[in-house]
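S.K.: only the shape, not the letters, is given here:
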């Protein structure tokens, strides 16, 4: 998958998971890797970037066993950012879906060498 | 691979990102292992799940690259960095509202860094320009008059580096930092409300002029110095010059550790404080005070209107002092003898080699020989 595309998508997944509630790193990676096949490690740089950009903050909670858990929480700015990115994502995927839906027809026509004019006409009409 | 191998390799690969980031990511991974183990996963399973370290490192590097400029954009609205090669006789800079900073050039080339991180409105009013004409290098900031076409000429010179960013932003200042090659014959800088500072230069002539901006120069070796300000203060130290002329309207003048052959200094309402070695010293103020410590002079000519005047003369064989006194008190202090009050007139000490003329109005005068 295109890395830029994937990065944007993963960032939105992280933001949206945090929009549902604070989570610690492992919990978050489990949620996401449960849905798609990714190297969980790559989520940590995303979290770090979100933190640097003040979209998330972190706090520590002592756990009954093992080291303290670092929780991530969306800031107010992060919430707005999540909504913006989500809206952008929805517009984008809607466009992609519309284009994908048309693909078979267009390619069928293009594959018909006998009637190239039909393709042109079709395009003009569109 | 065991957890430790994995973490070791991670640590090594994170080295280049600096201690802080290295430790942060390592800690995230350690926690990830701890949580995974709590869930009953094996080290191998967790490693499998975390994935290839390289992939994460790539992600991190890309973000680092993305992020750095991002931050710059927030701060910097407009920025240019240029280096100019060429035989120039002089540099003429005009800063308007911008501060001008003159620094020595290490590469013996003129380097200009222009930075405008003012708000968008101010940004739109000013533009950077650079051109050269008759062997003089011109650069600066100028007002853009709306509706007028901007013309930026960059004539016939090779630019080694040229970068330009245009991005949105807020607050801050406009700054023109110019690195001056050693031995430049003439450097001239003018600003209105901007400050001018210069340090560590070796040039033929230096001329600085400001309106309300301050002028601060230090460690400069040159033939001729000309400084002028309106309401701004002037601060100079470590100046070695054949001649210097320093004038302020209402600003104060402060000279320290200067060696200037012929020195002329004046303000209308500001104070003058000076510690200098000079042959010929002329100094005057209207309503301000004067405090001079002059070493090795041949001639001193000093006047104060309503302010007080204190003059200390060092390293001379003798003094011939012509005092013209108004309503204030006057006294001469000699080493080891204490002071005595005097009236206007001529007083000679030693061989009288150093000719001193002092004129005061309503202020007091103290002369130390």
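M.R.: Received the coordinates, thanks. These numbers come from a predicted model, not from an experiment. Numbering: from 1, shown residues only, chains lettered A, B, ... in the order given.
S.K.: switch to C-alpha atoms for all contacts and neighbour counts from now on
M.R.: Noted.
S.K.: and the residue minimising distance to the centre of chain A, helix, strand or coil?
M.R.: For chain A, the residue whose C-alpha lies nearest the mean C-alpha position (CA atoms, centre = their mean) is residue A:9; its distance is 1.8 Å. Taking DSSP: H, G, I helix; E, B strand; the rest coil as the rule, one finds residue A:9 in the helix state.
S.K.: for residue A:62, see how far away it is.
M.R.: Remark: distance between residue A:9 and residue A:62 (CA to CA, to the nearest Å) = 31 Å.
S.K.: low-confidence ranges, chain B, go.
M.R.: The model of chain B has pLDDT under 70 over residues B:64-78, B:118-125, B:144-172.
S.K.: domains for it, by residue range?
M.R.: Taking automatic domain parsing as the reference, chain B has its domains at B:3-75, B:77-194, B:195-274, B:279-369.
S.K.: among those domains, which is the most enclosed?
M.R.: Highest mean neighbour count of these: domain B:195-274, a mean of 22 (counted as mean count of other CA atoms under 10 Å in any protein chain shown).
S.K.: how far off centre is that domain?
M.R.: Centre-to-centre, domain B:195-274 and its host chain are 12 Å apart (CA atoms, centre = their mean, to the nearest Å).
S.K.: distance between the ends of it?
M.R.: Across domain B:195-274, the straight-line distance between its terminal residues is 21 Å, by CA to CA.
S.K.: also stretch B:310-323?
M.R.: End-to-end distance for stretch B:310-323, by CA to CA: 13 Å.
S.K.: and if you look at stretch B:352-367?
M.R.: End residues of stretch B:352-367 are separated by 15 Å (CA to CA).
S.K.: can you list contacts of that stretch?
M.R.: Contacts made with stretch B:352-367 from outside it, assessed by CA atoms under 8 Å, 6 or more residues apart in numbering or on different chains, are listed as B:297-313, B:316-333.
S.K.: redo that, cut-off 6 Å
M.R.: B:298-312, B:318-333 (CA atoms under 6 Å, 6 or more residues apart in numbering or on different chains).
S.K.: hmm, residue A:55 is touching residue A:75, no?
M.R.: Yes: because the distance of 5.4 Å satisfies CA atoms under 6 Å, residue A:55 is recorded as touching residue A:75.
S.K.: those two: who's more crowded?
M.R.: residue A:55 (22 against 17; other CA atoms under 10 Å in any protein chain shown).
S.K.: any idea which helix or strand carries the most centrally placed residue in chain B?
M.R.: Most central residue of chain B, judged by C-alpha distance to the mean C-alpha position with CA atoms, centre = their mean, is residue B:197 at 2.6 Å. Counting by DSSP states H and E, the secondary-structure element that holds residue B:197 is strand B:196-202.
S.K.: in its sheet, what does that strand sit against?
M.R.: Here strand B:196-202 is paired, per DSSP bridges, with strand B:99-104 (parallel), strand B:215-229 (parallel).
S.K.: out of those, nearest to residue B:350?
M.R.: With CA to CA as the criterion, residue B:350 lies closest to strand B:215-229 of those, at 32.3 Å.
S.K.: now do the closest one: everything it contacts.
M.R.: Contacting residues not belonging to strand B:215-229 are listed as B:195-211, B:234-248 [CA under 6 Å, 6+ apart].
S.K.: now with 7 Å, please.
M.R.: Contacts made with strand B:215-229 from outside it, assessed by CA atoms under 7 Å, 6 or more residues apart in numbering or on different chains, are listed as B:195-211, B:233-249.
S.K.: among the residues you listed, which are in helices?
M.R.: Helix and strand membership here follows DSSP state H; of the contacts of strand B:215-229, not one is in helices.
S.K.: with distance to residue A:87 added, can I get the domains of chain B in CSV?
M.R.: CSV is the format used below for these (distance: least, CA to CA, whole Å):
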stretch, distance to residue A:87
domain B:3-75, 22
domain B:77-194, 24
domain B:195-274, 48
domain B:279-369, 67
